[in-house]
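Trainee: this one's structure only:
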């Protein structure tokens with residue numbers, strides 16, 4: 001595993017687009033977080049579910065708000081996975097790795113390692129960022145409460161990355177893969193609106209991209225649902241967390257298994 005990661009790191013450190021996208025991500029997440037915080041606490045003032053600054057930036061609420069804010073840019077990180085994977089296919093570096101003595105299984109495994117490594121990197125960044133912001137606003141007492149949102153965010157990043165990897169392997173061309181990857185979110189959302197309006201809002205909750213997105217809901221999600229139930233007089237069924245985790249794992253496995261089988265049969 002260490003050897004495979006070392007080989008992948010040697011290739012990735014020369015990829016300028018990866019550095020640029022990661023730097024943009026690291027810079028924009030805290031900026032976006034504070035922008036959303038300003039919007040929620042000021043533009044929504046007076047609404048029954050409007051949060052306070054303390055709820056958003058202090059422990060333990062900061063973990064939920066941070067992962068929600070960071071989740072907006074998983075699409076950008078997914079594009080990174082598409083670029084990395086398509087470059088490997090386009091420049092036939094995987095074939096060169098076979099010539100250099102690696103097995104096909106090792107090469108495919110190394111791509112999975114890259115996906116997990118980038119997910120670990122951005123998740124650790126979220127931990128550091130949340131720790132600093134929460135500590136600044138409320139001190140470090142109780143920082144461990146609600147920290148389960150961090151592994152949930154990690155699961156979400158793996159979900160988006162597995163979907164991006166799946167598209168990159170199938171389509172192979174970077175520009176086309178990125179277009180299909182982005183458009184798929186729009187298409188699923190439109191289908192969800194149609195289903196919600198004609199059948200029920202329950203089926204859409206089982207769609208893969210919606211499940212990944214729902215892992216990090218808006219911080220005052222429960223208050224919004226309560227307000228909606230009071231207004232309409234009808235109860236709203238929301239998929240329980242444990243089922244979201246299970247289905248996320250199932251979808252991740254499906255995307256990776258399909259990508260693995262395609263790469264295994266294909267001439268690298």
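Mentor: Looks like it came in fine. Worth saying up front: this structure is predicted, and the values here are computed from it rather than measured. Numbers count the residues shown, from 1 in each chain.
Trainee: give me every residue that touches the most centrally placed residue in the chain.
Mentor: In the chain, the residue lying closest to the centroid (CA atoms, centre = their mean) is residue 157, at 3.0 Å. Contacts here follow CB atoms under 8 Å, 6 or more residues apart in numbering; on that basis residue 157 touches 74, 77, 118, 119, 122, 123. (C-beta placed from N, C-alpha, C; glycine too.)
Trainee: what's the pLDDT at it?
Mentor: The per-residue pLDDT reported for residue 157 equals 96.
Trainee: Ok, residue 222 next?
Mentor: The model's pLDDT for residue 222 equals 75.
Trainee: How much space separates it from residue 69?
Mentor: According to CB to CB, to the nearest Å, residue 222 and residue 69 sit 18 Å apart.
Trainee: Neighbour count: these two, which is higher?
Mentor: residue 69 (25 against 12; other CB atoms under 10 Å).
Trainee: What residues does the more buried one make contact with?
Mentor: 29, 32, 33, 36.
Trainee: One more pass at 6 Å, please.
Mentor: Residue 69 makes contacts with 32, 33, 36, as judged by CB atoms under 6 Å, 6 or more residues apart in numbering.
Trainee: Repeat that for residue 252.
Mentor: Applying CB under 6 Å, 6+ apart, one finds that residue 252 lies in contact with 158, 159, 162.
Trainee: Which pLDDT value goes with the last one?
Mentor: We have a pLDDT of 94 for residue 162.
Trainee: isn't it right up against residue 256?
Mentor: Yes: if you go by CB atoms under 6 Å, residue 162 and residue 256 touch, sitting 5.4 Å apart.
Trainee: more crowded one of these two?
Mentor: Comparing residue 162 with residue 256 by other CB under 10 Å, the one with more neighbours is residue 162, at 28 against 21.
Trainee: circling back to that earlier point, please render the contacts of residue 157 as JSON lines that adds secondary structure and neighbour count to the earlier fields.
Mentor: Converted to JSON lines, the contacts of residue 157 look like this (DSSP: H, G, I helix; E, B strand; the rest coil; neighbours: other CB atoms under 10 Å):
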{"residue": "74", "secondary structure": "helix", "neighbour count": "23"}
{"residue": "77", "secondary structure": "helix", "neighbour count": "21"}
{"residue": "118", "secondary structure": "helix", "neighbour count": "20"}
{"residue": "119", "secondary structure": "helix", "neighbour count": "23"}
{"residue": "122", "secondary structure": "helix", "neighbour count": "21"}
{"residue": "123", "secondary structure": "helix", "neighbour count": "19"}
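Trainee: Between these, which sits nearest residue 89?
Mentor: Lowest distance from residue 89 to the contacts of residue 157 (CB to CB) belongs to residue 118, with 17.8 Å.
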